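Asker: just coords:
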């Protein structure tokens, strides 16, 4: 069985894979995430996921690589991870009472595949590779300035796209989810299974019984 590597530093993504029984190694790519102004956000997250997967695949040629990237859209703004506490605080104030969209791009590299187009606009060079994306939306409850500040103090750390997690205290802020819940967590598993399939792999082959 080929080793599976998650090219991401996200503990939530790793936990989701582990909860599904998928043994894997975590090797963060350190690739800078881009928003690609002339591309739709759905393309940006796929390109970022591909860049992460390729970077890790270059040093781990015999492994199956999973790349993932998440961006949040609020109105016309495309939002990644906040630059610090002040930026995260401003995000929460802007999100209050409005809908946000969450896009996650995925890329899977199969080391034994042959180069082939995948129909997603993502190029293939040395391995069979597939990419895809998932979109979800959710509503942020209206918050007064004082209420927003109280929640903010409980929501740290702010190291995720859009600044906040839907888990824990975040479950009292986010409502009316449309689409994949696991996409909002950063790793839509149904979509990942589809991308595995398009890369010539069966994700079920990598699930261990408990």
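Answerer: Sure, I can see it. All values reported here derive from a predicted model rather than from experimental measurement. Numbers count the residues shown, from 1 in each chain.
Asker: which residues of the chain score low on pLDDT?
Answerer: For the chain, the stretches with pLDDT under 70 are 114-127, 157-158, 160, 162-163, 210.
Asker: all strands of it, in order?
Answerer: Assigned by DSSP state E, the strands in the chain fall at 4-6, 25-26, 64-74, 77-79, 99-110, 128-140, 174-178.
Asker: Which residue ranges of the protein form helices?
Answerer: In the chain, the helices defined using DSSP state H lie at 11-19, 41-57, 85-95, 145-154, 181-185, 189-198.
Asker: Name the nearest residue to residue 79, sequence neighbours excluded.
Answerer: residue 72 (4.4 Å; CB to CB, 6 or more residues apart in numbering). From N, CA and C alone the C-beta is placed, and that goes for glycine too.
Asker: what sits against that neighbour?
Answerer: 78-80, 100-103, 161-162 (CB atoms under 8 Å, 6 or more residues apart in numbering).
Asker: Likewise for residue 206?
Answerer: Contacts of residue 206 (CB under 8 Å, 6+ apart): 1, 4, 22-23, 64.
Asker: Just say which of the helices of the chain is most tucked in.
Answerer: Each of these was scored by mean neighbour count; the highest is helix 41-57, a mean of 24, by mean count of other CB atoms under 10 Å.
Asker: helices or strands next to that one in the packing?
Answerer: strand 64-74, strand 99-110, strand 128-140 (3 or more CB pairs under 8 Å, 6 or more residues apart in numbering; DSSP states H and E).
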